[in-house]
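# predicted model and sequence below, questions to follow.
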Amino acid sequence: MNKRTITTVGVFLLLLADLDVARAAYGISNGIDISGTIVRLISFLLGMCGATYLAAGLWQRAEKGSETWKYLSISMVLFVFWNVIMAFGILLDVLTAQRAEHDIAISVDALNTYYAIVRILDPVLEVIVFVILLFGLRKIINAMRNEPWSVFSKEDSDE
């Protein structure tokens, strides 16, 4: 998994570095802000890693304790997908800027279609993530009020 992550980051950084070198070589001033793009990309990649780690921890907590932790884990998995979509949006921004600056043969219709998909999926997935997160938190709060011992450890039915 680490090799895939490093490869993915490397491809994005190579695309961004290529854009920066081309802008410097041709003296082109329009395009995208490279430093801001790299910061956004790194934040989404760190969001993917953090949400994956948190989802695994919450799922483990659900196996040891209450099943309500699974709602939070599912929310974090969806948050990973949201970060992937946003990183894909950054790739589209870079491709659009390269297409505008150089005569790269990328179909405008394909880019517009991908942009439409990213622009539609972004808010929809974000709302779903936070609704599931709030629903899971409500379930945990209700469980803490009624049976607080069941939230962190499962009850043995053998007793």
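Received, thanks.

# hey, let's count contacts and neighbours off CA atoms from now on
Will do.

# and residue 125, what is it in contact with?
With contact taken as CA atoms under 8 Å, 6 or more residues apart in numbering, residue 125 is in contact with 78, 82.

# now swap in residue 88 and tell me
By CA under 8 Å, 6+ apart, the neighbours of residue 88 are residue 118.

# what helix or strand is it on?
Residue 88 belongs to helix 69-101 when assigned by DSSP states H and E.

# tell me the helix or strand right after that helix.
Remark: after helix 69-101, the chain's next helix or strand is helix 108-146, criterion DSSP H and E.

# following the lowest-mean-pLDDT helix or strand in the chain, which helix or strand comes up?
Ranked by mean pLDDT, DSSP states H and E, the weakest helix or strand in the chain is helix 2-26, scoring a mean of 60. Reading on from helix 2-26 to the C-terminus, the next helix or strand found by DSSP H and E is helix 34-64.

# pull out the buried positions in that following helix.
37-38, 41, 44-45, 47-48, 51-52, 54-56, 58-59, 61-62, 64 (16 or more other CA atoms under 10 Å).

# do you know the pLDDT at the most centrally placed residue in the chain?
Most central in the chain under CA atoms, centre = their mean is residue 83, positioned 1.2 Å from the mean C-alpha point. What the model reports as pLDDT for residue 83 is 90.

# contacting residues around it?
The neighbourhood of residue 83, defined by CA under 8 Å, 6+ apart, consists of 44, 45, 47, 48.

# I'd like these as TSV, with distance to residue 109 appended.
Formatted as TSV, the contacts of residue 83 follow (distance: CA to CA, whole Å):
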residue	distance to residue 109
44	26
45	28
47	30
48	29
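
# any chance of those residues in TSV, with pLDDT and distance to residue 73 too?
Shown next, in TSV, are the contacts of residue 83 (pLDDT from 0 to 100; distance: CA to CA, whole Å):
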residue	pLDDT	distance to residue 73
44	90	18
45	91	18
47	90	14
48	92	13
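
# so which of those is the closest to residue 116?
Of all the contacts of residue 83, residue 44 has the smallest distance to residue 116: 19.7 Å, by CA to CA.

# got the contact list for that closest one?
83, 84, 86, 87.

# which of those residues lies closest to residue 116?
Using CA to CA, the contacts of residue 44 come closest to residue 116 at residue 86, 12.7 Å.

# the closest one: how many residues sit nearby?
When counting by other CA atoms under 10 Å, one arrives at 20 neighbours for residue 86.

# ok, it touching residue 120?
No. Between residue 86 and residue 120 there is no contact under CA atoms under 8 Å: 11.5 Å.
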